[in-house]
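Chemist: Predicted model, plus sequence, below.
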Amino acid sequence: MVPKGTDWLSIANKAGVIIPTGCLNGSCGACEIEVNGQIVRACINSVPSCKSKILIVKFITDPFW
């Protein structure tokens with residue numbers, strides 16, 4: 001279980017998952033992931049609260065990165 005507010009990049013790193021990054025300030029979009037159907041930028045967002053306690057995370061594939 002991951003606590004609400006945990007940084008996406010650090011929790012992915014702990015799990016051995018690499019999320020690509022470019023700028024680390026949200027402007028390039030290289031770190032975009034889909035969380036429960038919403039696109040978020042992992043470098044500037046954190047794990048949200050979720051009533052069902054289940055988050056479905058998918059990677060966005062970008063041919064430029």
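Modeler: Structure received.
Chemist: Return the helix or strand in the chain with minimum mean pLDDT.
Modeler: When each helix and strand of the chain is scored by mean pLDDT, DSSP states H and E, strand 57-59 comes last, with a mean of 82.
Chemist: Which residues does that one contact?
Modeler: For strand 57-59, contacts defined as Cβ atoms under 8 Å, 6 or more residues apart in numbering pick out 19, 33, 34, 35. Glycine gets a C-beta too; all of them are placed from N, C-alpha and C.
Chemist: Repeat the analysis, applying 7 Å as the threshold.
Modeler: The contact list for strand 57-59, computed with Cβ atoms under 7 Å, 6 or more residues apart in numbering, reads 33, 34, 35.
Chemist: Check the secondary structure at residue 10 for me.
Modeler: Classification of residue 10 using DSSP: H, G, I helix; E, B strand; the rest coil returns helix.
Chemist: Look up phi and psi at the most centrally placed residue in the chain.
Modeler: Taking Cα atoms, centre = their mean, the centroid of the chain lies closest to residue 42, which sits 3.6 Å from it. Phi and psi for residue 42, reported as degrees, to the nearest 10, are phi -60, psi -30.
Chemist: got a list of what it touches?
Modeler: 8, 9, 19, 31, 33.
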